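# Prediction below, plus the sequence it came from.
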Amino acid sequence: MSARVLCAGRLYCDVVFTGSPRLPTLGTEVFAEGLSLHAGGGAFITGATLSALGDHASQLSVLPAAPFDAPVLAQLKAQNVSSKLCAAAPKGSDPQITVAIPCGNDRAFLTRAPGAALPSVDVAELAGFSHLHIGELGTLEEVPGLLDLAREAEMTVSLDCGWQDKFSVEAATLIEKVDVFLPNQRELEALMSVGVPELCASLTVVKNGENGARAITRGQSIWLQERSKPVPMVDATGAGDAFNGGFVSQWLKGASLEACLRQGNFCGAASVQSAGGVGGLSSLSSLELAETIPQ
């Protein structure tokens, strides 16, 4: 049975340079082989993955300012992610833009994130959704009341971390309230370095790139590990968010943790084989998943 998921978080227009021989350094210039524009942000990529898997995904975001809102809305429509709960940026706003530079098996970002991440929403607008996915910890820190609204609407909640140069130990009070927390290895280490316990949420899932992912339920002592299979790498942008969509889709269906991790790895691997976070999601056919993911 398909789930109805609301994906909340910042929504960007991603400017992706591909085929860069190295990352830029001060005083030098680097020439890339390719350039493309994409809708970006963790919440959108997770929603697009859920939609590709047959679930119903809606976006809750403030749109990038014009003229970048039009291509972003077009891509939401193309990925079958509803924009009904999105709102236009205030007039005169800077656009929300991310410059992404994939290089080797990693990538670097330069981002402008002005204004509010989310429009206001009330509990009546959440009716019909069974799950809330929050694309980054920073958005939840900005709008902590979103958790209370979700619980009032009887929704389960998952949360990605997203990178911050400065994490705070106070983040633990928010993380412990969600059902599934999905940081990557580097983010988890940064959180722990400021005093956030390793296991705050009911279920913690840690992504580690080509090494796969691991998960543990609060109160357990042994991590469940699933390695990923090597695939050709074009652009790692959004791979963790695609993983989130695959994992959450199975988790909402009551699948085993092994199946959740395996489908997450499968979706992350699909994502990295194309520029932008969602270009590779067309490979997520139900037949491939049925053969790859034991139920």
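In hand now; what should we look at? Residues are numbered from 1 along each chain as shown.
# now the protein, which segments are flagged as low pLDDT?
Applying pLDDT under 70 to the chain flags residues 232-237, 275-277, 279-280, 282-283, 285-295.
# quick one: the strands in the stretch 51-200 of the chain?
56-60, 81-82, 97-103, 106-112, 131-134, 156-160, 180-182 (DSSP state E, counting those that start in this stretch).
# okay if I get those strands as TSV plus mean neighbour count and distance to Gly19?
Every C-beta, even on glycine, is put in place using the N, C-alpha and C of the backbone. Listed next are the strands of the stretch 51-200 of the chain as TSV, based on neighbours: other C-beta atoms under 10 Å; distance: least, C-beta to C-beta, whole Å:
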stretch	mean neighbour count	distance to Gly19
strand 56-60	26	30
strand 81-82	22	28
strand 97-103	20	8
strand 106-112	14	12
strand 131-134	26	32
strand 156-160	24	28
strand 180-182	26	29
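# quick one: which of the ones you listed is nearest Pro67?
Nearest to Pro67 among the strands of the stretch 51-200 of the chain is strand 97-103 (11.6 Å), distances taken as C-beta to C-beta.
# which helices and strands sit right next to that closest one?
strand 12-18, strand 106-112 (3 or more C-beta pairs under 8 Å, 6 or more residues apart in numbering; DSSP states H and E).
# in the first one, what's buried?
Using 16 or more other C-beta atoms under 10 Å as the test for burial, strand 12-18 gives 12-18.
# C-terminal to that strand, what's the next element?
Once strand 12-18 ends, the next helix or strand along the chain (criterion: DSSP states H and E) is strand 34-40.
# partners of that next one, with directions?
strand 12-18 (antiparallel) (DSSP bridges).
# The partner strand to strand 106-112, inter-axis angle?
140 degrees (axes from the mean of the first three to the mean of the last three C-alpha atoms, to 10 degrees).
# ok, now which ones touch His131?
Residues in contact with His131 (C-beta atoms under 8 Å, 6 or more residues apart in numbering) are 3-6, 155-158, 248, 252.
# Export the residues you listed as TSV, with columns for distance to Gln75.
Formatted as TSV, those follow (distance: C-beta to C-beta, whole Å):
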residue	distance to Gln75
Ala3	22
Arg4	21
Val5	18
Leu6	18
Met155	25
Thr156	27
Val157	25
Ser158	23
Val248	21
Leu252	24
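# with those residues in mind, which one is nearest to Arg262?
When these are compared against Arg262 (criterion: C-beta to C-beta), the nearest one is Val248, at 13.6 Å.
# Bridging across strands, which residues link to the closest residue to the closest one other than its chain neighbours?
Excluding the flanking residues, the one nearest Val248 by C-beta to C-beta, 6 or more residues apart in numbering is Ser158, at 5.4 Å. Counting by DSSP bridges, Ser158 is bridged to His133, Val180.
# For Ser158, give its distance to Lys84.
Between Ser158 and Lys84 the distance is 21 Å, computed by C-beta to C-beta, to the nearest Å.
# Go through the buried residues of strand 12-18 and name the one nearest Ser36.
Val16 (5.2 Å).
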